[in-house]
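1. Let's see this in three dimensions:
(4 chains)
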Number of protein chains: 2
Amino acid sequence: MTPAVESGARRSEQAASSAGAAERALAHLREMLIGGRVAPGEAVSLRTLARALGLSVTPVRSAVNRLAAEGALIVLPNRAVRVPVLSAETFREITTLRLLLEGYAAERAAELITRTELQAITRAELAFRREYEADRPDCDRAVQLNRLLHFTLYRAARMPSLTAIIEGLWLRIGPVLNLDMRLDPRRLRSGTAVRAHARLVSALAARDPKRARAALAADIRAAARRVERLGLLDGHASRD
Amino acid sequence: MTPAVESGARRSEQAASSAGAAERALAHLREMLIGGRVAPGEAVSLRTLARALGLSVTPVRSAVNRLAAEGALIVLPNRAVRVPVLSAETFREITTLRLLLEGYAAERAAELITRTELQAITRAELAFRREYEADRPDCDRAVQLNRLLHFTLYRAARMPSLTAIIEGLWLRIGPVLNLDMRLDPRRLRSGTAVRAHARLVSALAARDPKRARAALAADIRAAARRVERLGLLDGHASRD
DNA sequence: CCATGATGACTGTGATCACAGTTTTCACAA
DNA sequence: TTGTGAAAACTGTGATCACAGTCATCATGG
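-> Predicted coordinates for the structure are as follows:
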């Protein structure tokens, strides 16, 4: 695999994931982005990342290129790679697309969802609510649960390509959404989000497409409003 | 740039496009795919392609990876790269998404389109119709005009991310759509397509979103019906 | 004539290096 | 202290090579 004597590469850590190195780098970056563990505007270095993952630059570059193609990363004219800072305009466009696509997915899911899937969503909703009602909520876990809830819903629509497109959108808004969630002192979101989630679950149980869509739309719109209000976008009215 | 004495690489052909090598490879592949110049199931070799383009495998691999990420190419378990053969199911899913997304774009475009853009679309429509009414229609040109017509429409919706997503869908169905158009002895398509295009232009001129969407939907549905009827999909009822 | 096995030409992947920039840093002078 | 400039350390990119695996070809033995 390595022409030289596998000098710098860690073979020991390879056992962590049996997949290819490029896939591992991609998964890592995706997790960073949609988990909001990187801030918008932050620089990403191929070599640094490669060293951190115990890989060479080749698979890392492959992953970065893919993400850049989806708009989840940008390469500046300098060719430097950064996490993009969304303009208000771009953010609104993505929100519109989310309403269209995730709304459609919710409608279909309401018709096609299985009992098992509904149970999974219900469990996620419960855990999410509990996390936010806790004294010291764990942001990482809440983000993860929110994602689980949404994507089991989307997968229930039985349209893999649609799910993939939605994932692409989440990848782009992940940093701002979760930057927000981290900055948020307490539960600016939880109120509306928890309510919307509850309505969603109830609509799914009733197999009511319209209500499912409405509930999801409320969730999306609330999150969007919050982000815009906090001024995390490029038209930065960040007060301080 | 090249560590060795730039042995195999052609520096002479580089003047063709000033962009990076990876971008050139990507553009080439995209053109092949959405132009339908490669057949579904056809194999793609990195080294062969690199040699054809006068590049090394690195930029070609980058391009292939991106396309594979979008589903426009697939890597088999053998790791061999091929143009995917769409299953009927996948094709129907993409058609559904096209109706949703391109339909939405058409609605917005009907409201936002400028006079210049409308003129461009009108011109494309005229040229497209003439091409099909010709004695010996030029398939390549017809495909190109069709694409021009659709995408100036989508761009008129002023949602770059939406346009990008639609491009991704076209990339995946390009091979079958145009394989069809090449196989098609004459104008199975032209009738409905030309009619739909005409209705589209008229709706745009009237700035009527609903009619624009309906006309576009008719176009998409007609193309989908044709592909399914010809049995170009994975549930291959290919008679011979 | 057909089955079979070995060899050789392919496949993509990953590591490494050379390169051309850009950015940062840091020393030196005004 | 502040400007200025040179150098060093970084940035991504592309080419090349070593590798492991698959596939096809073809010779050989039945």
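2. Now A:Pro175: closest residue in space, sequence neighbours ignored.
-> Spatial nearest neighbour of A:Pro175, chain neighbours left out: A:Pro40 (4.8 Å); criterion: Cβ to Cβ, 6 or more residues apart in numbering or on different chains. C-beta: built from backbone N, CA, C; applies to glycine.
3. now the helices for chain A?
-> Along chain A, the segments classed as helices by DSSP state H run A:21-34, A:46-53, A:57-70, A:88-112, A:115-133, A:139-155, A:160-183, A:190-205, A:209-230.
4. picking that back up, from chain B, how far off is the residue nearest to A:Pro175?
-> Using Cβ to the nearest Cβ, to the nearest Å, A:Pro40 is found at 16 Å from chain B.
5. In this structure that residue contacts A:Leu86, no?
-> Yes: judged on Cβ atoms under 8 Å, A:Pro40 makes contact with A:Leu86 at a distance of 6.9 Å.
6. Check chain A for the residue nearest DNA strand D and tell me.
-> Nearest residue of chain A to DNA strand D, counting by Cβ to the nearest atom of the strand: A:Ser45, 2.8 Å away.
7. Could you report the neighbour count for that residue?
-> Applying other Cβ atoms under 10 Å in any protein chain shown, we find 14 other residues in the vicinity of A:Ser45.
8. same thing with A:Arg79?
-> 7.
9. The one 4 residues further on now?
-> Around A:Val83 there are 24 other residues, counting by other Cβ under 10 Å.
10. for A:Thr192, same thing?
-> 17.
11. Just give the closest residue to it, not the sequence neighbours.
-> Counting by Cβ to Cβ, 6+ apart, the residue nearest A:Thr192 is A:Ala222, at 4.0 Å.
12. Tell me how chain A divides into domains.
-> A:19-82, A:88-230 (automatic domain parsing).
13. Please identify which of those domains is closest to DNA strand C.
-> That would be domain A:19-82 among the domains of chain A, by Cβ to the nearest atom of the strand, at 3.0 Å.
14. So for A:Pro40 and A:Leu86, which residue has more residues nearby?
-> A:Leu86 (22 against 17).
15. Phi, psi for that one please.
-> phi -70, psi 140 (degrees, to the nearest 10).
16. Next, find the distance separating the residue of chain A closest to DNA strand D from A:Arg79.
-> 12 Å (Cβ to Cβ, to the nearest Å).
17. now do A:Val143
-> When A:Val143 is compared with A:Arg79 (using Cβ to Cβ), they lie 31 Å apart.
18. thinking again about what came up before, could you name every residue contacting both of A:Pro40 and A:Leu86?
-> A:Val176 (Cβ atoms under 8 Å, 6 or more residues apart in numbering or on different chains).
19. Grab the most central residue of chain A for me.
-> A:Ile34 (3.2 Å; Cα atoms, centre = their mean).
20. Give me the helices and strands touching the helix or strand bottoming out on mean pLDDT in chain A, please.
-> Ranking every helix and strand in chain A by mean pLDDT, DSSP states H and E puts helix A:160-183 at the bottom, with a mean of 90. Applying 3 or more Cβ pairs under 8 Å, 6 or more residues apart in numbering or on different chains; DSSP states H and E, one finds that helix A:160-183 contacts helix A:21-34, helix A:57-70, helix A:88-112, helix A:139-155, helix A:209-230, helix B:88-112, helix B:160-183.
21. now the third one against helix A:190-205, angle please.
-> So that's helix A:88-112. 30 degrees (axes from the mean of the first three to the mean of the last three Cα atoms, to 10 degrees).
22. in helix A:88-112, what's buried?
-> Buried residues in helix A:88-112, counted by 16 or more other Cβ atoms under 10 Å in any protein chain shown: A:88, A:90-91, A:93-99, A:101-110.
23. neighbouring contacts of stretch A:62-75?
-> For stretch A:62-75, contacts defined as Cβ under 8 Å, 6+ apart pick out A:22, A:25-26, A:28-30, A:33, A:44, A:46, A:49, A:81-84, A:168, A:171-172, A:174, B:22, B:61-62, B:65-66, B:69-70, B:161, B:164.
24. repeat for stretch A:151-165
-> So stretch A:151-165 is contacted by A:101-102, A:104-106, A:108-109, A:112-114, A:117, A:120-121, A:124, A:166-167, A:200, A:204, A:216, B:71, B:90, B:93-94, B:96-97, B:165, B:168-169 (Cβ under 8 Å, 6+ apart).
25. please redo it, this time with the cut-off set to 7 Å
-> A:101-102, A:105-106, A:108-109, A:112-113, A:117, A:120-121, A:124, A:166, B:71, B:93-94, B:97, B:165 (Cβ atoms under 7 Å, 6 or more residues apart in numbering or on different chains).
26. ok now that stretch, how far from the chain's centre?
-> 14 Å (Cα atoms, centre = their mean, to the nearest Å).
27. With stretch A:145-165 instead?
-> For stretch A:145-165, the distance to the chain centre is 12 Å (Cα atoms, centre = their mean).
28. now do stretch A:126-137
-> Centre to centre, stretch against its chain (Cα atoms, centre = their mean), the figure for stretch A:126-137 is 19 Å.
29. correct me, but A:Asp219 touches A:Ala196?
-> Yes: contact criterion Cβ atoms under 7 Å: A:Asp219 and A:Ala196 qualify, at 3.7 Å.
30. Now A:Arg129: closest residue in space, sequence neighbours ignored.
-> Distances taken as Cβ to Cβ, 6+ apart place A:Val194 nearest to A:Arg129, at 5.1 Å, with adjacent residues excluded.
31. pretty sure that neighbour contacts A:Arg130?
-> No: look at A:Val194 against A:Arg130 with Cβ under 7 Å: they stay out of range, at 10.0 Å.
32. ok, those two, which is more surrounded?
-> A count of neighbours by other Cβ under 10 Å puts A:Val194 above the other of A:Val194 and A:Arg130, at 19 against 13.
33. For that one, give its distance to A:Gly103.
-> 20 Å.
34. got any ranges where chain A has weak pLDDT?
-> Within chain A, the ranges that satisfy pLDDT under 70 run A:1-18, A:184-190, A:235-240.
35. Tell me the residues on it that lie near chain B, please.
-> Residues of chain A that fall close to chain B, judged by Cβ under 7 Å from any Cβ of the partner chain: A:62, A:65-66, A:69, A:71, A:93-94, A:97, A:100, A:104, A:159, A:161-162, A:165.
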